[in-house]
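*Asks:* Sequence and predicted structure, then a few things I'm wondering about:
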Number of protein chains: 2
Amino acid sequence: MGGDHGPPVVIPAVVRAVATLPAEVRFLLHGDEAVIAAALAKHPGIAARCEIRHAERVIAMDEKPAQALRRGKGTSMWNAVEAVRDGQAVAALSAGNTGALNGISKLILRMCVEVDRPALVASIPTPRGVTTFLDVGANIDCDAERLVEFAIMGEAFHRAAHGTVKPTVGLLNVGSEEMKGHEEVREAHRILRAGHLDLDFHGFVEGDDITKGTVDVVVTDGFTGNVAMKAMEGAARFMSTELRNALSSGPMAVLGYLLARPALLKFRERMSPTPAAPFLGLNGIVVKCHGGASDRDFAMAIRLAVDLARSDFSAEIERNMRRLPDALAEPAPVAAAGAIAPQKPPPKEPMSDERAT
Amino acid sequence: MGGDHGPPVVIPAVVRAVATLPAEVRFLLHGDEAVIAAALAKHPGIAARCEIRHAERVIAMDEKPAQALRRGKGTSMWNAVEAVRDGQAVAALSAGNTGALNGISKLILRMCVEVDRPALVASIPTPRGVTTFLDVGANIDCDAERLVEFAIMGEAFHRAAHGTVKPTVGLLNVGSEEMKGHEEVREAHRILRAGHLDLDFHGFVEGDDITKGTVDVVVTDGFTGNVAMKAMEGAARFMSTELRNALSSGPMAVLGYLLARPALLKFRERMSPTPAAPFLGLNGIVVKCHGGASDRDFAMAIRLAVDLARSDFSAEIERNMRRLPDALAEPAPVAAAGAIAPQKPPPKEPMSDERAT
């Protein structure tokens, strides 16, 4: 029911998606039965793969997350996530209210990692493919351990979504040298560098590496990630507007635009952001599609959810999470190996004045 | 002597700049006398306004800031900043090593505010003009007071550089509501909102507001600022490359490109970053021009330095800095007005789970 359009987009998206999905993939459609049935009637071909689950209420797009949590029970969004918890569905999908979906998912499914809230992932186009960028806004204050958890989850997600066997992981910083950045990123760097985790850690990366594709997964805290993602979106939007203005600034420019139009449309398509993103860190798969999604966008979100459900990514996250306690501990001194010694806090790295230049 | 080109760019830049500058503006040219004199010989018209100050050594572009500080004395960069301290020059300009210039400026001129190091400013093009964005990399860990100092300095700089009588100031955050973001930005918001400072505070802004031009000055810590600026640069560079690829992808696209070329060149010019930026927070004016600057870029840097020197911006910063202690204190309870009461720490704002959505 969510998003700007509801069933008139979701049903055609299911039609698109089933064309390329295995026959066993089936759909539970949560929401107003009459509305969904009417939309479904136009596409008899998919009726056998869909089951309507009536819900009396929906969560509004502009509802505050706290309010959505209080009065969410019995809404279509709530029921969709509950179906994942109860094993009736392998993934929940929504184009509805992001904050409400994040909060309801956390409440119903619970977190499988220590981070406060499910992490938000952005998929950013690059010359090499796509950069997985997280957290882009859910967890504002992150210590080193949270950043390492993002690395674990982002790496497993990237493999599941893009088929890369061994995605490379970078930690966002203001420079590539080890003594740069604040304490949290330097400590996370040390943990990831120690090699206890099963992932290909590249080291620090900088803001422009996100669109360069230097690594497959770029990890940062939710504050920096949200600001960086919106800053990039803003820059891209501003450039598009200025480009449009330039190409309508005179008869020759307009003629040039008309001739180059097919190439420019392909360019625009390539620059457009991925319409769907998972919430990472939950005991279950929840995929958020953006509110203004077209049926094509929502079909991509369905395929992403299916890819995740058919992948090993939850088990991979769990495996690396079990290695985390070892990675957090400093390498034990040789003399103490095997002996039960009191835990000493890790020595602080020397402070340096050489941070960013 | 600095930058990728040295005197062959700096001298023609002086020629360009003097054409529009008042007759009393004169230049001290620090560096290798023979090289500078040779470049100057080609432009006899400006000889009367230039004085060569010989320096035996220069600081290399790739020299570590710490090393540059140790062995910097007597280099052309050192002498240029020292001339400001000694009142022989009103501003120092360099296209050389950024980290070295920042460190040497701090050492010689000293800070006029509490921030650790001179703040780096970026000037970002917007549909409305230019956004002043700081700190973009010098100060990694910033408490609320540091953020407020950036607001004070950025506001005064924007007025001096762009002539805006009352620039608006926004604080970068992950949402516009007061309970969002980490403690430092919420506390800085409270201080700026309290109204003791003489500046037009707009409230929180988000990453995409930087290129929207929502406010004239966007304030953030050096970590977030550096990442956001580089992320925007990366996004812009990626889009330019993809656009170039699209416009060379076939005969029609190429023909279109050729017809639209003048418009596209204007577009590129408009999107190109401002070549010069001041270091803010020093007792004196130091302007950094980017290393690959052309004579046109360096002439813009000269004009910026002159604009700053002729403005009131240092006095304005000082005036607002004197108001800061009042702004930092909570509004005094009525009963205690006029009485000498022990300072109580300001009450913490209630923590909220509703951060970013």
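*Replies:* Done, it's in. The shown structure was predicted, so the numbers you read here are calculated from the model rather than taken from an experiment.
*Asks:* Can you pull out the low-pLDDT segments for chain A?
*Replies:* By pLDDT under 70, the low-scoring segments of chain A are A:178-179, A:330-357.
*Asks:* middle-most residue in it, spatially?
*Replies:* Nearest residue to the geometric centre of chain A (CA atoms, centre = their mean): A:Val121, 2.2 Å.
*Asks:* quick one: contacts of the helix or strand containing that residue?
*Replies:* If you go by DSSP states H and E, A:Val121 is part of strand A:119-126. Strand A:119-126 is contacted from outside by A:102, A:130-139, A:150, A:153-154, A:157, A:161, A:210-213, A:222, A:225, A:229, A:232, A:270-271, A:273-274, A:277-281, B:238, using CB atoms under 8 Å, 6 or more residues apart in numbering or on different chains. C-beta coordinates here come from the backbone N, C-alpha and C atoms, glycine included.
*Asks:* Quick one: buried ones out of the residues you listed?
*Replies:* A:102, A:130-139, A:150, A:153-154, A:157, A:161, A:210-213, A:222, A:225, A:229, A:232, A:271, A:274, A:277-281, B:238 (16 or more other CB atoms under 10 Å in any protein chain shown).
*Asks:* Find me whatever residue is spatially closest to A:Gly291, sequence neighbours aside.
*Replies:* Spatial nearest neighbour of A:Gly291, excluding adjacent residues (CB to CB, 6 or more residues apart in numbering or on different chains): A:Gly3 at 4.8 Å.
*Asks:* can you list the residues of the stretch 51-200 of chain A near chain B?
*Replies:* Contacts of the stretch 51-200 of chain A with chain B, taken as CB under 8 Å from any CB of the partner chain, map to A:64-66, A:98-99, A:102, A:125-127, A:137-141, A:172, A:174, A:180-182.
*Asks:* In ChimeraX, select just the buried ones from those.
*Replies:* Command for ChimeraX that selects the buried part of those, burial taken from 16+ other CB under 10 Å:
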select /A:64,65,98,99,102,125,126,137,138,139,140,172,174,180,181,182
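*Asks:* The residues of the stretch 51-200 of chain A next to chain B in strands, which ones?
*Replies:* Judged by DSSP state E, these include A:125-126, A:172 as members of strands.
*Asks:* For these, give me a markdown table that also has distance to A:Leu255.
*Replies:* Shown next, in a markdown table, are these (distance: CB to CB, whole Å):
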| residue | distance to A:Leu255 |
| --- | --- |
| A:Pro125 | 29 |
| A:Thr126 | 32 |
| A:Leu172 | 43 |
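*Asks:* ok, the closest residue to A:Phe298 other than its chain neighbours - contacts?
*Replies:* Leaving out its chain neighbours, the residue that sits closest to A:Phe298 by CB to CB, 6+ apart is A:Ala13, at 3.5 Å. If you count contacts by CB under 8 Å, 6+ apart, A:Ala13 has them with A:293, A:295-299, A:301-302.
*Asks:* Tell me the buried residues within the residues you listed.
*Replies:* Using 16+ other CB under 10 Å as the burial test, the contacts of A:Ala13 include A:293, A:295, A:297-299, A:301-302 as buried.
*Asks:* and of the residues you listed, the nearest to A:Asp326?
*Replies:* A:Ala301 (36.4 Å; CB to CB).
*Asks:* Go ahead and confirm the closest one touches A:Val286.
*Replies:* No - shown here, A:Ala301 and A:Val286 do not form a contact pair, counting by CB atoms under 8 Å, at 11.0 Å.
*Asks:* what touches both of these two?
*Replies:* Shared contacts of A:Ala301 and A:Val286, counting by CB under 8 Å, 6+ apart, come down to A:Leu93.
*Asks:* tell me the contacts of the closest residue to A:Val90 other than its chain neighbours?
*Replies:* Using CB to CB, 6+ apart and skipping the chain neighbours, the partner closest in space to A:Val90 is A:Ala309 (4.0 Å). Counting by CB under 8 Å, 6+ apart, A:Ala309 makes contact with A:90-91, A:285.
*Asks:* Turn these into CSV, including secondary structure and neighbour count.
*Replies:* Shown next, in CSV, are the contacts of A:Ala309 (DSSP: H, G, I helix; E, B strand; the rest coil; neighbours: other CB atoms under 10 Å in any protein chain shown):
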residue, secondary structure, neighbour count
A:Val90, coil, 16
A:Ala91, strand, 21
A:Ile285, strand, 26
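*Asks:* Chain B: which of the residues you listed is nearest?
*Replies:* Using CB to the nearest CB, A:Ile285 is the member of the contacts of A:Ala309 that lies nearest chain B, at 20.3 Å.
*Asks:* mind listing the strands for chain A?
*Replies:* Under DSSP E, chain A gives strands at A:27-31, A:50-54, A:91-94, A:119-126, A:129-134, A:168-172, A:200-205, A:217-219, A:276-280, A:285-289.
*Asks:* The fifth one: partners in the sheet, and parallel or antiparallel?
*Replies:* Strands flanking strand A:129-134 in the sheet, each with its direction: strand A:119-126 (antiparallel), strand A:217-219 (parallel) (DSSP bridges).
*Asks:* Over to the second one?
*Replies:* Paired strands of strand A:50-54, with direction, are strand A:27-31 (parallel) (DSSP bridges).
*Asks:* counting contacts, what elements does the biggest helix by length in chain A pack onto?
*Replies:* Scanning chain A for the helix with the most residues, using DSSP state H, yields helix A:222-246. Where contact means 3 or more CB pairs under 8 Å, 6 or more residues apart in numbering or on different chains; DSSP states H and E, helix A:222-246 is packed against strand A:119-126, strand A:129-134, strand A:168-172, helix A:209-212, helix A:251-271, helix B:209-212, helix B:222-246, helix B:251-271.
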